[in-house]
Structure formats: structure tokens, C-alpha cells
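In: Quick one: sequence plus predicted model below, questions after.
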Amino acid sequence: MTKLIAAMTFAILAGWVSLSAAEDFKVGHLVVSQPWARASIGPSGAGAAYFTIANHGKEVDRLVGVKTTAAKRASAHTHVIEKGMARMRRIAALEISPGEPTVLKPGGLHIMLMGLKAPLKEGMVFPLALTFEKAGTLSIRVRTRKITSMGPGDHGGHEDHMKQMKQMDHKMPKGSM
Ligand SMILES: [Cu+2]
């Protein structure tokens, strides 16, 4: 009887461990954790995905390619202020340095999804293939959170940011996509 309980406890613990670790993805010295995306706004066709990348190696790596079956194009973006206007700009190679993890989050670095094949809805999970210069390609699964979400572990969000996102235009040099 005690043995049975011990076995059951172990099974429950093991299940819990695998569940909690499910959001980490590893390739080489890189660990991508807690990927998530925001539900997209109406039929806008654009979305954004976020995650944290830690580099446990000794050399800088670079994110040089992003692909997904959920959208026609995906690329790393950052926010810049130009003539007092918040704009987004594509980053061809996002540096992943050892030490401080690189954090993609609303209002900062993000993976821009252009030409969504279907609107992103809360609870949807879609794949993202990240290609790094040194570590190679890593396939991750991104979970869609509600439109007001600020990230995993938040409770709600704030509307102002979404208004800001809507007003922001995507001025990028032709051919940079
Ligand atoms: Cu963007």
C-alpha cells in the first residue's frame, strides 16, 4: 500500500515537473523560455510574439531567421522613437550575449508576425522556428494569451498599450521584409 502511494506520488510529481518545464526550449548553449503571443487585433493581420533567451555559452550568438506556419513573414523587431513618434524597426541579426538574458516583451524587442493566416486567438499554440548563427535552428511552441496580456504570470493587462500598438505604423525600408 505504501509502495503504491509512493509510486503514485512519484508519477504526479514527475508529471508536474514535465509540465512546468514544457515552456523551455534548448539548442546548443541557448535556452528560450516562456514563449507567448498576444491575441491579434481584429483582422489586422499582424501579431507579436515574445520570449526570453539565455545564452549559457561564452560567445555571442545571433538570431538571424524566424519562420512560422502561422504568418507569411516573421522577423525580430524593436521599438525606436523617431521625431517623437514610436516606430518599429526590423533587426536583421539580434545579438544574444552571454550573461544577461535577452528579453522580448511588449514595448520592446518582439517577433513581428506579418500576414497572419488566421487571427491569433487566446489559447492558440503555434510553432516558431528560430535560426541562430551558431546554435542552429530551434523549433518552439508559442502560446497565445489574451489581447491585454503583458506576459506569462500577469493578471489582466492595460488597454493603453494596445491603443499605442494600434497607432504605431510599420515604416520600414522597402525590401527589408
Ligand atoms: Cu513590430
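Out: Cool, got the structure.

In: residues contacting Gly57?
Out: Listed by CB atoms under 8 Å, 6 or more residues apart in numbering, the contact set of Gly57 reads Gly28, His29, Leu30, Pro98, Lys134. The C-beta positions use only the backbone N, C-alpha and C, and glycine is treated the same way.

In: Drop anything exposed from those.
Out: With neighbours counted by 16 or more other CB atoms under 10 Å, the contacts of Gly57 contain buried members at His29, Leu30, Lys134.

In: now, among the residues you listed, which is nearest to the ion?
Out: If you rank these by distance to the ion using CB to the ion, Leu30 comes first, at 22.2 Å.

In: per-residue confidence for the residue nearest to that closest one when sequence neighbours are not counted?
Out: Counting by CB to CB, 6 or more residues apart in numbering, Leu30 lies nearest to Ala135, which is 5.0 Å off, once chain neighbours are set aside. Ala135 carries a pLDDT value of 98.

In: Surely Ala135 is in contact with Val32?
Out: No: counting by CB atoms under 8 Å, Ala135 stays clear of Val32, with 10.2 Å between them.
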